[in-house]
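Visitor: kindly generate the corresponding structure for this input.
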Amino acid sequence: MPEQFPENELEINQLAKRALRCLKVSPDPGELYLIQVMQVALDRGWLEFQMPSQTKYVLLENFNNLCTWSPAGVMKLFLEDSDGYPIEIYPPGPVNPRQLAAEAFEQLHSRLTAALAGYPIASPRD
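Guide: Reported below is the predicted structural model:
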């Protein structure tokens, strides 16, 4: 059966779908599977962000805003570098949901670093 979003047919989203099933989480075809894995990782406290709290806040705000983007726009963040060249954030093979989520957040951080002036935010208090 075809996916609701063509982007969920992409290899990275099929990998994320397997990761969700591995975690005993039912994949929601109405959302991108990679975003669902990232949210599960946040909800379960799996990620340690080695950055100032203000930078973490901006990163998470931008993650939360991805739901307002088109699926194609979201996937462009994870499939291309800031110059538009294709990248692979997670190699094919056995799925590790924690590592997949961490790699996805690292890519989001990298794209924000390239796109936002003043990001990451240096804070002398952190």
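Visitor: other SSEs contacting whichever helix or strand A19 is part of?
Guide: Using DSSP states H and E, A19 falls within helix 11-22. With contacts taken as 3 or more CB pairs under 8 Å, 6 or more residues apart in numbering; DSSP states H and E, helix 11-22 sits against helix 33-43, helix 71-79, helix 97-115. Where you see a C-beta, it was placed from the backbone N, CA and C, and this is true even at glycine.
Visitor: could the ones you listed go into CSV alongside distance to E11, mean pLDDT and mean neighbour count?
Guide: Shown next, in CSV, are those (distance: least, CB to CB, whole Å; pLDDT from 0 to 100; neighbours: other CB atoms under 10 Å):
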stretch, distance to E11, mean pLDDT, mean neighbour count
helix 33-43, 11, 97, 21
helix 71-79, 10, 95, 18
helix 97-115, 12, 94, 18
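Visitor: what residues are up against P86?
Guide: P86 makes contact with 79-80, according to CB atoms under 8 Å, 6 or more residues apart in numbering.
Visitor: same deal with A41?
Guide: A41 touches 47, 97-98, 101-102, 105, counting by CB under 8 Å, 6+ apart.
Visitor: still on that earlier bit, for the helix holding A19, which outside residues touch it?
Guide: 3, 7-8, 26-27, 32-34, 36-37, 40, 75, 78-79, 89-90, 92, 95-97, 100.
Visitor: from P97, how far out is the residue nearest to the spatial centre of the chain?
Guide: Nearest to the mean C-alpha position of the chain, counting by CA atoms, centre = their mean, stands A104 at 3.7 Å. According to CB to CB, to the nearest Å, A104 and P97 sit 11 Å apart.
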